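Novice: return a 3D structure for these sequence lines:
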Amino acid sequence: MTSLQDLIDSKPNFVEYLYNDTISQYHKSRTSLFATLIAPEYTTWREEQRAWRETAVLFNQSHHMPVLYVKGPDAKKLLEYLSPCTFSNLSTNRAKQYFACTPRGHHIGDCILNYYGEDEGFELISGMPLLNWVRYNGETQGYDVHFTFDPTTPYAKDGKRTKYRFQLEGPNARAILDEICEGGWPELKFFNTTYVTIAGCRVHVLRHGMAGHAGAEISGPFADMDTVRDAILKAGERHGLLQAGTRTYYSTPLEDGWIPYPLPGIYTGEDLRAYREWLPADSWEANMQLGGSLYSDNVEDYYWTPSALGYEKLVKFDHDFIGREAIESQFAGPKRVKRVLRWHHEDINKIMASQLGDGPIYKALDMPTAYFGWPQADEVRSKDGALVGMSQYCGYNINEREFLSLCGIDEAYAEPGTEVVLTWGEIKGGSRKPHVEHHEQTTIRATVHTAPFSKAAQAKLRAVI
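Specialist: This next block holds a predicted model:
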């Protein structure tokens, strides 16, 4: 067995395999894989969540995100053809949220894209299914491009990355940046980039925000990591800065509304057979770990579209790209859109109470985020029982004092304030995944809200618009 296609052909039911027998890279990173590199918690995840709303936090992104560097005469041509994102505004001082779809318009993956000019080319940060898709097309479709792949730290031969990467976030982030950047923090619009000097080191900065505040992604040569981090932490002491561990880091999507790592829509269709034969049987795609209450023998029921992920505004029909006709058709008809579900407190209390005394035990609510599936797919139904959406990512946010989940939902049920019902727990008492306990299914009532849910993130979005 050498390829993903070989693996699929060897399984009588590939969904059943993904649901029961895989352990995703994400689950490993949440448990032991990165524990020696970044602490799960530096204080507590509750205090670290509060800090991104009240003071400031420093996230260390240096170890868990793979990076693909793309350069050569055809680099721009390749990347533009693979994505609905426009390249008409391509600039060395502006980053992009970049994503790609299949010929049938199903989402493959997304990442942050930086452009450094013709000589240095492009930097694609995170999103392994997307990085693999880019490499496949560049290597097999006759493009004059050169790739350099920078794996995550545990898979790097010398345990080192090309670059370190930090995210400084929170209401006091600007004051810290003003203090540590020589000459002060430059005024940057959202998602714009530039270079600054910190502690004598040349640093690339991206005006970015993960939790609703004016933050920055900070990166540079890996050898400079400790010097830059020490400067940030020293300046941050008087501004209430906390380092944030992995438990806190992975809870940020609940505030900013980004749906991480949807199942890539590449497992079906003869037009993608060659790609599945190119992907190895131990690839990231072969180890996606389905979980949650949604169970279907048809893997396409787990696929996503750009509108369901909230990427409709990123799609520009100013160029030819893979999946263009399919996406045009999707946009013309009824579709799913991205929303946040606020779970009803009474049903949360019901699940908590089931852990005590007699009676059925429901699937425990992991805090701050659930990660027994990657992706975790839960049924969202209307009050009359119709399946109207898929909840992807769920957990608790102390700043809002709410359990929330992100979802794609049919437009007819997407009006804020609409009440829906989420099925909680897995079928047949739980899957064979070793980290899923035996439990019974139940339901959770939820109210539909626009994304992002947090007041701070909504204010930032209004300011950008």
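
Novice: quick one: contacts for the residue nearest the centre of the chain?
Specialist: Residue closest to the mean C-alpha point of the chain, counted by C-alpha atoms, centre = their mean, is Pro260 at 2.4 Å. Counting by C-beta atoms under 8 Å, 6 or more residues apart in numbering, Pro260 makes contact with Pro253, Tyr393. Bear in mind the C-beta positions are built from the backbone N, C-alpha and C, glycine included.

Novice: redo that, cut-off 6 Å
Specialist: Contacts for Pro260 were tallied using C-beta atoms under 6 Å, 6 or more residues apart in numbering; they are Pro253.

Novice: swap in His146?
Specialist: His146 touches Lys71, Gly72, counting by C-beta under 6 Å, 6+ apart.

Novice: the stretch 151-300 of the chain: helices as residue ranges?
Specialist: Applying DSSP state H, counting those that start in this stretch to the stretch 151-300 of the chain gives helices spanning 173-180, 225-236, 246-249, 253-256, 273-278.

Novice: turn these into a markdown table, columns for mean neighbour count, distance to Ser219 and mean pLDDT.
Specialist: Listed next are the helices of the stretch 151-300 of the chain as a markdown table, based on neighbours: other C-beta atoms under 10 Å; distance: least, C-beta to C-beta, whole Å; pLDDT from 0 to 100:
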| stretch | mean neighbour count | distance to Ser219 | mean pLDDT |
| --- | --- | --- | --- |
| helix 173-180 | 20 | 14 | 96 |
| helix 225-236 | 17 | 9 | 98 |
| helix 246-249 | 24 | 16 | 92 |
| helix 253-256 | 24 | 19 | 90 |
| helix 273-278 | 16 | 30 | 98 |
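
Novice: if we can go back for a sec, quick one: pLDDT of the residue nearest to the centre of the chain?
Specialist: At Pro260, the model reports a pLDDT of 91.

Novice: distance of it from Gln49?
Specialist: 17 Å (C-beta to C-beta, to the nearest Å).

Novice: now the one helix or strand Glu139 maps to: mean pLDDT?
Specialist: Using DSSP states H and E, Glu139 maps to helix 128-140. For helix 128-140, mean pLDDT rounds to 98.

Novice: swap in stretch 44-55?
Specialist: Mean predicted lDDT for stretch 44-55 stands at 96.

Novice: which outside residues touch it?
Specialist: With C-beta under 6 Å, 6+ apart as the criterion, stretch 44-55 contacts 57, 169-170, 172, 211, 240, 242, 244, 247-248, 368, 398-399.

Novice: just so I know, which of the helices of the stretch 151-300 of the chain lies nearest Ile218?
Specialist: helix 225-236 (6.8 Å; C-beta to C-beta).

Novice: and the closest one with helix 173-180, angle?
Specialist: Between helix 225-236 and helix 173-180, the angle comes out at 110 degrees (axes from the mean of the first three to the mean of the last three C-alpha atoms, to 10 degrees).

Novice: just the CA trace of helix 225-236, in CSV.
Specialist: In CSV, the C-alpha atoms belonging to helix 225-236 read as follows (Å, rounded to 0.1, in the frame of the first residue of the first chain):
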residue,chain,number,x,y,z
MET,A,225,13.6,33.5,18.3
ASP,A,226,14.8,33.7,21.9
THR,A,227,16.1,37.2,21.5
VAL,A,228,12.8,38.6,20.1
ARG,A,229,10.7,36.6,22.6
ASP,A,230,12.7,37.8,25.5
ALA,A,231,12.3,41.4,24.4
ILE,A,232,8.5,41.0,24.1
LEU,A,233,8.2,39.3,27.5
LYS,A,234,10.3,41.9,29.2
ALA,A,235,8.3,44.8,27.8
GLY,A,236,5.0,43.0,28.4
